[in-house]
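# A predicted structure for the sequence below; I have some questions about it.
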Amino acid sequence: MKFLFLVFLLGSTVAFAQKKTVPVIQTQAIKVDSLLWDLKALSKAPAVEWLSQTGTVHSLLYRSVDYQGKPTQVFAYYSNPDLIRGKATGKRQFPGVVLLHGGGGKAFREWVEKWAADGYAAIAMDFGGKGPDGQRLAQAGPDQGADEKFYHLEKAALNDMWTYHAVSSGILAHSLLLSRPEVDVTKTAVTGISWGGYLTCLVASLDNRFKAAAPVYGCGYYDESDVFKEMISKLSAGSARKWMKFFDPSTYLPYAQPRFLFVNGNTDRFYNVVPYHKTYSLVPASQRTICLIPDMAHGHEAGWVPHEIRYFFESVLNEGVPLVQVSPVSVQDSTLRFSYQSPVSVLTAEFYYSNDTTSPNEHRVWSKQKATIDPKTQTITSPLPKEGFQYGFFALKDHRNVAVSSSFVFK
């Protein structure tokens, strides 16, 4: 009996020693006067109910924060490079990525497949309280309609609003990912599309365990959006101020610690030029890269297609070759000029510009002209357009066909 007890004790000791420690969010870095989220509680891995652990992508429910006083669960898909190849998860560790869908979206299995095939442990969750069949879960959180995002603020508590729950569920998905033995806790990133890009700005600002973030389309200053300002304008003045204080990314981005890749088009319907420029300007230039893709379509598939996101994550997490780094644009002798740094030669450079200040962002008319690349001095120049411009930006591609851009330039 003594021998058996000793074996049990040793086995328990080894198991305890091998238990993985999940890092805790450093809340002192977020210097807002009233922090809505309990980030220490969200740092803990949530309880999980696996629905399927067979095949190349697994499905699960995980516990999230209470909604209207009742517990909730969130549906998610998970995979990693071993699973996607039909292998049992082994001893290798992978970087991790959290995937946040946009408005009207869901937990996209194919998005998880893409990132698992690219070498990442990936998790994508549903922000509408629904399961894989599109039906409401028994323990569902808020739906993702305009009422839950905006109008319920007139009568609901802050912690019953959609943004509170979506941010909480995004951070808890990260905590779950970090708890898995096959995930390298020093190499995690987050990306999201449209409303998921908005959430990426919030989640990455609040959860400083992430090393990299790539919001697509989504940004802050919702009260200046061509579309969302209409929703905010329907709130009472007090509720509108409350929404902007607690739920707009502009409140939190100044404290963000991950490296950011901001991806958007120049004619996006929802996230237009001025608030987008104001949003990425909240992140120090040394901490951000901008990728404005001319005439980029708006949608989930269009938002996860840009391979720049993976190149960026690889440069931050796995010491990959960095994207082109662009300095601010200046005007000298009627010439637009900026310098760049890149270990990969720049292949193309163009200056896009517009004088259209009256059309909605999605209908704004843009023109373009070629720019001159001087590889010796790593300088790019373009003459000022004869007709002038009100908005402009340089779009570049290197010989990997990886795109970056300058910041927007305002005349």
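Received the coordinates, thanks.

# In the stretch 151-300 of the chain, mark out all the strands, start to finish.
183-193, 212-216, 259-265, 288-293 (DSSP state E, counting those that start in this stretch).

# For the first one, which helices and strands make contact with it?
It refers to strand 183-193. strand 94-100, helix 162-179, helix 195-206, strand 212-216, helix 300-304, helix 308-317 (3 or more CB pairs under 8 Å, 6 or more residues apart in numbering; DSSP states H and E). All C-beta spots, glycine's among them, are computed from the backbone N, C-alpha and C.

# tell me the angle of that strand relative to strand 212-216?
Angle between the axes of strand 183-193 and strand 212-216 is 20 degrees (criterion: axes from the mean of the first three to the mean of the last three CA atoms, to 10 degrees).

# Just the CA atoms of strand 183-193, as CSV, please.
These are the backbone C-alpha positions of strand 183-193, laid out as CSV (Å, rounded to 0.1, in the frame of the first residue of the first chain):
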residue,chain,number,x,y,z
VAL,A,183,0.0,26.9,-27.8
ASP,A,184,3.1,29.0,-27.3
VAL,A,185,1.9,31.7,-24.7
THR,A,186,4.5,34.2,-26.0
LYS,A,187,3.2,34.0,-29.6
THR,A,188,-0.5,34.9,-29.9
ALA,A,189,-2.3,37.3,-32.2
VAL,A,190,-5.9,38.5,-32.9
THR,A,191,-7.6,39.5,-36.1
GLY,A,192,-11.2,40.5,-36.9
ILE,A,193,-13.3,41.8,-39.7
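
# Neighbouring strands - and their directions - for the helix or strand that contains residue 123?
Secondary structure from DSSP states H and E places residue 123 in strand 121-125. For strand 121-125, the paired strands and their directions (DSSP bridges) read strand 70-79 (antiparallel), strand 94-100 (parallel).

# Now do the first one against helix 162-179: the angle between them, please.
For strand 70-79 against helix 162-179, the angle by the same axes, to 10 degrees is 50 degrees.

# Show me which parts of strand 70-79 are buried, residue by residue.
Applying a neighbour-count criterion of 16 or more other CB atoms under 10 Å, one finds 72, 73, 74, 75, 76, 77, 78, 79 buried in strand 70-79.

# Nearest to residue 192, out of the residues you listed: which one, please.
residue 76 (14.0 Å; CB to CB).

# isn't that closest one right next to residue 130, touching?
No - using CB atoms under 8 Å, residue 76 makes no contact with residue 130, being 11.5 Å away.

# And the helices in the chain?
For the chain, the helices defined by DSSP state H occupy 2-18, 39-42, 81-84, 109-117, 146-149, 162-179, 195-206, 228-233, 237-247, 273-280, 300-304, 308-317.

# where's the fifth one relative to the chain centroid, distance-wise?
Yep, that's helix 146-149 we're talking about. 21 Å (CA atoms, centre = their mean, to the nearest Å).

# if we look at that helix, which residues are touching it?
142, 161, 162, 163, 231 (CB atoms under 8 Å, 6 or more residues apart in numbering).

# let's see it at 6 Å
If you take CB atoms under 6 Å, 6 or more residues apart in numbering as the criterion, helix 146-149 is touched by 142, 162, 231.

# export these to JSON lines and tack on pLDDT and neighbour count?
Output for those, formatted as JSON lines (pLDDT from 0 to 100; neighbours: other CB atoms under 10 Å):
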{"residue": "142", "pLDDT": "97", "neighbour count": "23"}
{"residue": "162", "pLDDT": "98", "neighbour count": "26"}
{"residue": "231", "pLDDT": "97", "neighbour count": "18"}
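
# nearest to residue 28, of those residues?
Nearest to residue 28 among the contacts of helix 146-149, with distances taken as CB to CB, is residue 162, at 27.5 Å.

# Give me the local confidence score for residue 1.
In this model, residue 1 is scored at 41, pLDDT.

# Ok, the one 5 residues further on next?
Here, the pLDDT recorded for residue 6 equals 37.

# on that earlier part again, nearest to residue 384 among the helices and strands packed on strand 183-193 would be which one?
helix 308-317 (28.2 Å).

# So what touches that closest one?
95, 118, 187, 189, 191, 211-212, 214, 259, 261, 291, 320, 322-323, 402-403.

# I figured residue 115 hits residue 97, correct?
Yes - if you go by CB atoms under 6 Å, residue 115 and residue 97 touch, sitting 5.2 Å apart.

# Among those two, which residue is more densely surrounded?
residue 97 (32 against 29; other CB atoms under 10 Å).

# what bridges to the more buried one?
Going by DSSP bridges, residue 97 forms beta bridges with residue 122, residue 189.

# Would you quantify the distance from it to residue 79?
Using CB to CB, to the nearest Å, residue 97 is found at 11 Å from residue 79.

# what's the overlap in contacts for the two?
residue 122.

# thought residue 119 was touching residue 82?
No - applying CB under 6 Å, one finds residue 119 not in contact with residue 82, separated by 10.7 Å.

# re the thing from before, could I get the strands paired with strand 121-125 as CSV with distance to residue 88 and mean pLDDT?
Shown next, in CSV, are these (distance: least, CB to CB, whole Å; pLDDT from 0 to 100):
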stretch, distance to residue 88, mean pLDDT
strand 70-79, 13, 98
strand 94-100, 14, 98
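
# and those strands as JSON lines, adding distance to residue 358?
Shown next, in JSON lines, are the strands paired with strand 121-125 (distance: least, CB to CB, whole Å):
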{"stretch": "strand 70-79", "distance to residue 358": "43"}
{"stretch": "strand 94-100", "distance to residue 358": "34"}
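
# burial of residue 296, as a residue count?
20.

# cool, residue 157 as well?
11.

# Thank you, goodbye.
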